[in-house]
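1. Any chance you can model this:
(chains A and B)
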Amino acid sequence: MAEKSYRDAIREALQEEMARDERVLILGEEVGVWGGSYAVTRGLYDVFGARRVIDTPIAEAEFIGAAVGMAMGGLRPVAELMTINFSLIAIDQIVNNAAKIHYMFGGQVKVPLVIRMPAGWGQLGATHSQTFEGWFAHVPGLIVAMPGTPYDAKGMLKSAIRSDNPVVFIEHARLYGMKGEVPDGEYTLPFGVSDVKRTGKDVTIVTWSRMLQVSLAAAETLSKEGIECEVIDLRTLRPLDLAPVYASVEKTHRVLVVEEDWTTLGMGAEIAARIAHDRFDQLDAPVERLGQTEVPVPYAKNLEALMFPDEPRVAETVRKLIG
Amino acid sequence: MTIDKGEGVEWYRKMVLIRRFEERAEAAYGEGLIGGFLHLYIGEEAIAVGAMAALAPDDDVLTHYRDHGYLLARGIDPRPVMAELFGRATGVSKGKGGSMHMAVVREHLWGGYAIVGGHVPLAAGMAFANRYLGNPRVVACFMGEGATNIGTFYAGLNLAAVWKVPLVAIVENNHYAMGSPVERVSAVRDIYRKACAFDMPGVQVDGNDVLAVRGAVRERVEAARAGGGPQLIEAVTYRFRGHSMGDPQRYRTKDEVEAAKEKDPIPRWRSVLLDGGIATGAELDGIDAAVEAEVAEAVRFATESPAPEASEIDRDVLVAEGADHG
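-> Okay, the predicted model is just below:
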């Protein structure tokens, strides 16, 4: 199987789906001539031209709204928000239009729309270092995907493009360069199916996106100490599949949720509440959560480094959970 | 301009239908049969009727929260429209949309949108889709003058102009955004002049004159269909009722409203038909009576229709995955 980067896997999905279906087109800020601010769409303009790779003004609410209208009108647009931070400008279009139109008009209208948005950080300061997946996962009518490997990113993006539903597809800027096995052939991955990325018997780590990689690294370290972690990648946050988590809890009886977002009112809180409700009798300890420090992200490199769960912190939390 | 008798009488019938329909809705709201907000279109009927007369039956239409009139103007059966107001399963949106979210997609009515100006980008995108797919359809996007002060109006029309897509924006200037008069909230009072921001044609028309509206919209629709890009029409009118049913109307005087009613589009058009010898009083009286009966039937239908089944509550949140997407 070929090794490909997360970025290339996403680009391959875009290119294959555009080649497969004339109704698929890309729009967003600098997605065309520039090739995308994170170079994800690089080269697609040369292949498909300005008709299908459309540079928009810096007007997020409006081009996301237009993408909703395109989807209603029979196209399958893939809109790219330059970063997830700018989704706040477009939140009304995503929540009030994309998510609700199918339901509030009694099923008459479909919105087959994908909104891609990279999350991430890297001395970008408070306004450009956010993830927000919990905000979107809160909304019925949206599918929220947040893949943590190149393989998942390609298969899930192809499913997103073929879906008749609005899909918020959150990529991670710090995963773009990461390589992993991606087959050349055609494959798609369904939404709402979590994946056990590592099996273990002592602790269940529930995570997604970049924190998957951090958690897997911590699990390797812990394995050398004789602690075996089961690492479960949710992959989609809405719909949320906790069945593999529940199966794992019955084996390990201890859970750590690792997220990159703020923990207060976030995905981890939801997951912890569900496990506590549905598998109360199986728990030997309260569900532990590890997330971002509860402040806006600072610029200074040393402070920023303290913001997010890292391998040592995940490992340390697991040790405490067992001890 | 000569007026075709069939058309002229039909416009009268539709305007009277919208008026009587909304008066009955007003009464039903008072009786507690309609919930939530109810924004009446009374006084503005000539715009919906004139515009629909200018649009092809399959041109796409997006509207705002004051949306009942457009459905009736396009010829939708008043019964499911009233049933939607009553929140019944037989309503146009199966009782899930209510007054502000009425859609009949098979008739290319893509719904009422209740966040002011938020539907302008949708209309631009749909016009893009039409051109991309080679459909000759124009998209008409109705909004109030209040919507022309929000960003989605500007950047949405900017997109349409950059893309040069067949979008006709029809702004109904009824002078009040809720209770805020246009001169207090808009730096430019003549809304049609805002078209200059997009280098697109902008025209103003008397929105109480159904024939004038039809003419202005027809011109703009033809221009858009011929590849002339987006167009802006300001139809000047007046809202006879409050913003919604709960509006105490402290922002205007009774005298102002009474003066505006002298330009009521319905008696005005009736006079045109009578004075021009196009229709007789007896013919028009007959239409009035038939409309009364049709609206009474709509109320009966809505009253007797069932509420949505409880099982509808989580239906149509998402489209089932795995269908054949071609």
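2. What about A:Ala285, how many residues nearby?
-> For A:Ala285, the count of nearby residues is 14 (other C-beta atoms under 10 Å in any protein chain shown). The way it works is simple: take the backbone N, C-alpha and C, and place the C-beta from them, glycine included.
3. Can I take it that B:Gly111 is in a strand?
-> Yes: when DSSP: H, G, I helix; E, B strand; the rest coil is applied, B:Gly111 is found to be in a strand.
4. From A:His102, how far out is the closest residue to it other than its chain neighbours?
-> Closest residue in space to B:Gly111, ignoring its immediate chain neighbours: B:Ala103 at 3.5 Å, by C-beta to C-beta, 6 or more residues apart in numbering or on different chains. Applying C-beta to C-beta, to the nearest Å, the value for B:Ala103 to A:His102 is 11 Å.
5. what touches both of the two?
-> The contact sets of B:Ala103 and A:His102 overlap at A:Val109 (C-beta atoms under 8 Å, 6 or more residues apart in numbering or on different chains).
6. of the two, who's got more company?
-> Taking neighbours as other C-beta under 10 Å, B:Ala103 and A:His102 compare with B:Ala103 leading, 27 against 22.
7. Can you verify my assumption that the more buried one contacts B:Val92?
-> Yes: using C-beta atoms under 8 Å, B:Ala103 makes contact with B:Val92 at a distance of 6.5 Å.
8. Name the residues contacting each of these two.
-> A:Gly106.
9. Contacts only, for B:Glu292.
-> Residues near B:Glu292 by C-beta under 8 Å, 6+ apart: B:Arg20.
10. what's near enough to touch B:Ile233?
-> B:Val168, B:Ala169, B:Ile170, B:Val171, B:Tyr192, B:Gly202, B:Val203, B:Gln204, B:Val205, B:Ala216, B:Val217, B:Arg220.
11. and A:Phe280, backbone torsions?
-> phi -50, psi -50 (degrees, to the nearest 10).
12. Could you measure from it over to A:Thr263?
-> Distance of A:Phe280 to A:Thr263, given as C-beta to C-beta: 21 Å.
13. So for those two, which sits in the more crowded spot?
-> The residue with more neighbours, out of A:Phe280 and A:Thr263, is A:Thr263; 19 against 8, by other C-beta under 10 Å.
14. Strands of the stretch 1-150 of chain A, start to end?
-> Using DSSP state E, counting those that start in this stretch, the strands of the stretch 1-150 of chain A run over A:3-5, A:24-28, A:53-55, A:76-80, A:114-119, A:143-145.
15. closest one to B:Gly75 among those?
-> Minimum separation from B:Gly75 across the strands of the stretch 1-150 of chain A (C-beta to C-beta) falls at strand A:76-80, 31.4 Å.
16. Quick one, grab the pLDDT at the residue nearest to B:Glu22 when sequence neighbours are not counted.
-> Take B:Glu22 and drop its neighbours on the chain: the residue closest to it by C-beta to C-beta, 6+ apart is B:Leu40, 4.8 Å away. B:Leu40 carries a pLDDT value of 96.
17. Then B:Glu321?
-> You'll see B:Glu321 listed with a pLDDT of 83.
18. Alongside chain A, which residues does the stretch 151-300 of chain B contribute?
-> Contact residues, the stretch 151-300 of chain B versus chain A (C-beta under 8 Å from any C-beta of the partner chain): B:Gly151, B:Thr152, B:Ala155, B:Gly156, B:Asn158, B:Leu159, B:Val162.
19. Next one: the last one from B:Glu7, what distance?
-> What that stands for is B:Val162. 37 Å.
20. cool, the first one as well?
-> When C-beta to C-beta is the yardstick, B:Gly151 and B:Glu7 sit 39 Å from each other.
21. quick one: the helices in chain A?
-> Secondary structure of chain A by DSSP state H: the helices cover A:6-20, A:44-48, A:60-72, A:91-92, A:101-104, A:133-137, A:150-162, A:210-224, A:243-252, A:267-278, A:301-305, A:311-322.
22. Need the winner for burial among those helices.
-> helix A:60-72 (a mean of 30; mean count of other C-beta atoms under 10 Å in any protein chain shown).
23. does any bit of that one sit next to chain B?
-> Yes: contact of helix A:60-72 with chain B (C-beta under 8 Å from any C-beta) involves A:Ala61, A:Glu62, A:Phe63, A:Ile64, A:Gly65, A:Ala66, A:Ala67, A:Val68, A:Gly69, A:Met70, A:Ala71, A:Met72.
24. Format the residues you listed as JSON lines; extra columns: pLDDT.
-> Below are those laid out as JSON lines (pLDDT from 0 to 100):
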{"residue": "A:Ala61", "pLDDT": "97"}
{"residue": "A:Glu62", "pLDDT": "98"}
{"residue": "A:Phe63", "pLDDT": "98"}
{"residue": "A:Ile64", "pLDDT": "98"}
{"residue": "A:Gly65", "pLDDT": "98"}
{"residue": "A:Ala66", "pLDDT": "98"}
{"residue": "A:Ala67", "pLDDT": "98"}
{"residue": "A:Val68", "pLDDT": "98"}
{"residue": "A:Gly69", "pLDDT": "98"}
{"residue": "A:Met70", "pLDDT": "98"}
{"residue": "A:Ala71", "pLDDT": "98"}
{"residue": "A:Met72", "pLDDT": "98"}
